[in-house]
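# just to be clear, the model below is a prediction. Sequence and coordinates:
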Amino acid sequence: MTTNQRQFRIAILDMYNGHENEGMRCIKKIITAFGERESVPVEFTVFDARRKLEVPGMDFDAYISTGGPGNPSPVGEAWEKKFFGFLDQLFNFNLKRQNRTKKHLFLICHSFQMACIHWQLAAVSKRRKTSFGTFPVHKTSAGRKDALLSGLSDPFWIVDSRDFQVTQANQAAFDSLGAKLLCLEKIRPHVPLDRAIMAIRFSNEVVGTQFHPEADAEGMLRYFLNEDKKKAIVAAHGEAKYEDMIAHLNDPDKISMTESVIIPAFLKNAYHKTFELAYA
């Protein structure tokens, strides 16, 4: 049996709660491009996790859970319980599989923060002000060895858009789960605050980032060059910050490089692990 006899099935958990966003377009674009580049028949299904309480079952090969608005700390809503149940179901499914095919999950921003809360890996708190724009992030020793980040420089550049932050890693919980901290936010020697945790490998199959690896330079440039958006960004962050973001988006070694590496690397690993084991 050959690997192209069955489609590579991906579930996207939509956490945007109906809010307008660029993330879903970017994720779909990356998945489609992966299928074309690797000559892999790919299909994806979107689950409206917050508005319709939809979560996928374990009949997909890979899962991507998006960013989204609001406070990631749970307040007991039905969709939160279903999402946490999904996390546990996937994690426990993999624990029982041993040497058999496992399920792969990528968590972005809001989903990442909720997973950190659920597994008690770190503190999640509101920032003093919104982190918005393009920034360098630095790999840890584990991050420098991780295949997900091997195609990127150290530091590498990311798109950040968040009001909350994951800090203060709980090492005992990391050790219990088998998780590894992969990268931290930019070094700010003049700021006496904890650096945010920007990526974690929760297990061999589950990984996530607090930033937006799906963000594409083309879409962001279109967004930032809109006159109303430009005025709002300059008013909130200053002219110099705005010009820096435009320069970073035009630099092929910055945001475009991150977009081209992280989620494609996740998909490639998930595909090969799934089909190598399934058809061994």
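Sure thing, it's come through.

# pLDDT value on Ala278, please?
Here the pLDDT value assigned to Ala278 is 67.

# so where do the strands sit in the protein?
8-14, 42-48, 62-65, 104-108, 123-139, 156-167, 180-185, 197-201, 206-209 (DSSP state E).

# adjacent strands (with direction) for the last one?
Looking at strand 206-209 with DSSP bridges, its paired strands and their directions are strand 104-108 (parallel), strand 197-201 (antiparallel).

# show me the contact partners of it.
90-91, 94, 104-109, 111-112, 115, 148, 158, 182, 198-202, 262, 266 (C-beta atoms under 8 Å, 6 or more residues apart in numbering). From N, CA and C alone the C-beta is placed, and that goes for glycine too.

# where in the stretch 1-150 of the chain is pLDDT low?
Along the stretch 1-150 of the chain, the parts satisfying pLDDT under 70 run over 1-5.

# burial count for Arg50?
Neighbourhood size, Arg50 [other C-beta atoms under 10 Å]: 23.

# neighbours around the closest residue to it other than its chain neighbours, how many?
Spatial nearest neighbour of Arg50, chain neighbours left out: Asn17 (4.3 Å); criterion: C-beta to C-beta, 6 or more residues apart in numbering. Asn17 has 15 neighbours, counted by other C-beta under 10 Å.

# repeat for Asn21
17.

# for it, what are its contacts?
Contacts of Asn21 (C-beta under 8 Å, 6+ apart): Thr66, Gly67.

# again, but for Gly68
Gly68 neighbours (C-beta under 8 Å, 6+ apart): Met15, Tyr16, Asn17, His19, Arg50, Cys109, His110, Ser111.

# now, of those residues, which are buried?
Met15, Tyr16, Arg50, Cys109, His110, Ser111 (16 or more other C-beta atoms under 10 Å).

# farthest pair within these?
Greatest spatial distance among the buried ones among the contacts of Gly68 (C-beta to C-beta): Arg50 and Cys109, at 14.0 Å.

# surely Met114 meets Phe83?
Yes - in this structure, Met114 is within contact of Phe83 by C-beta atoms under 8 Å, at 6.7 Å.

# picking up where we left off before, so which of the strands of the chain comes closest to Thr32?
strand 42-48 (7.1 Å).

# list the buried residues of that closest one.
For strand 42-48, burial by neighbour count (16+ other C-beta under 10 Å) applies to Val42, Phe44, Val46, Phe47, Asp48.

# and stretch 135-146, by the same measure?
For stretch 135-146, using 16+ other C-beta under 10 Å, the buried residues are Phe135, Pro136, Val137, His138, Lys139, Thr140, Ala142, Gly143, Asp146.

# the last one contacts Leu182, doesn't it?
Yes - contact status for Asp146 versus Leu182: in contact at 5.5 Å, counting by C-beta under 8 Å.

# shared neighbours of these two, anything?
With C-beta under 8 Å, 6+ apart as the test, Asp146 and Leu182 both reach Arg201.

# mind listing what the residue nearest to Arg50 touches?
Shown in contact with Asn17 (C-beta under 8 Å, 6+ apart): Arg50, Arg51, Gly68, Pro69, Gly70.

# ditto for Ala115
Leu87, Leu107, Leu121, Phe202, Gly208.

# now do 7 Å
Leu87, Leu107, Phe202, Gly208 (C-beta atoms under 7 Å, 6 or more residues apart in numbering).
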